[in-house]
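1. what would the 3D arrangement of this be:
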Amino acid sequence: MSDHMNQADVPNTGPGPGPHQPDAVEHATEDLLIERPDLGPGCHTLVIAGEAVPKQHAERPRQPLRAASKAKRRT
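-> Sure thing, here's the model as predicted:
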């Protein structure tokens, strides 16, 4: 047996997901408003394009910020 480890045997100790783990964090492709009924009627959380969508809000209803601002102008 060899005393040295080859590169495949070295554990991944750096930051971020390991080499075989997919990146489970969703990033917004556009500015989003995520509904937050837990904060009260009509409340939303803004996620700017490129930022990570908080995991606790990933399944909540959302809409693009542009659509929300157009709807507000009509009323």
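2. count of neighbours near residue 65?
-> 18 (other Cβ atoms under 10 Å). C-beta here means a position set from N, CA and C on the backbone, and glycine is covered the same way.
3. ok, it touching residue 30?
-> Yes. At 7.3 Å, residue 65 counts as touching residue 30 under the criterion of Cβ atoms under 8 Å.
4. ranges for the helices of this protein?
-> Assigned by DSSP state H, the chain shows helices spanning 65-74.
5. show me where it has strands.
-> Assigned by DSSP state E, the chain shows strands spanning 32-35, 44-47, 62-64.
6. looking at those, which is closest to residue 25?
-> Closest to residue 25 of these is strand 44-47 (Cβ to Cβ; 11.8 Å).
7. so which elements touch that closest one?
-> Counting contacts by 3 or more Cβ pairs under 8 Å, 6 or more residues apart in numbering; DSSP states H and E, strand 44-47 packs against strand 32-35.
8. what's next to the strand it packs on, contact-wise?
-> Strand 32-35 is contacted from outside by 43-47, 53, 57, 60-65, 68, using Cβ atoms under 8 Å, 6 or more residues apart in numbering.
9. biggest separation within those residues, which pair?
-> Of all the pairs that the contacts of strand 32-35 form, the one spanning the most space (Cβ to Cβ) is 43 and 64, at 17.3 Å.
10. neighbour count: these two, which is higher?
-> residue 64 (15 against 12).
11. the more buried one reaches residue 44, doesn't it?
-> No. Using Cβ under 8 Å as the test, residue 64 is too far from residue 44 to be in contact (11.8 Å).
12. the closest residue to residue 64 other than its chain neighbours and residue 56, how far apart?
-> Closest residue to residue 64 in three dimensions, ignoring its sequence neighbours and counting by Cβ to Cβ, 6 or more residues apart in numbering: residue 30, at 5.3 Å. Residue 30 is 20 Å from residue 56, where distance means Cβ to Cβ, to the nearest Å.
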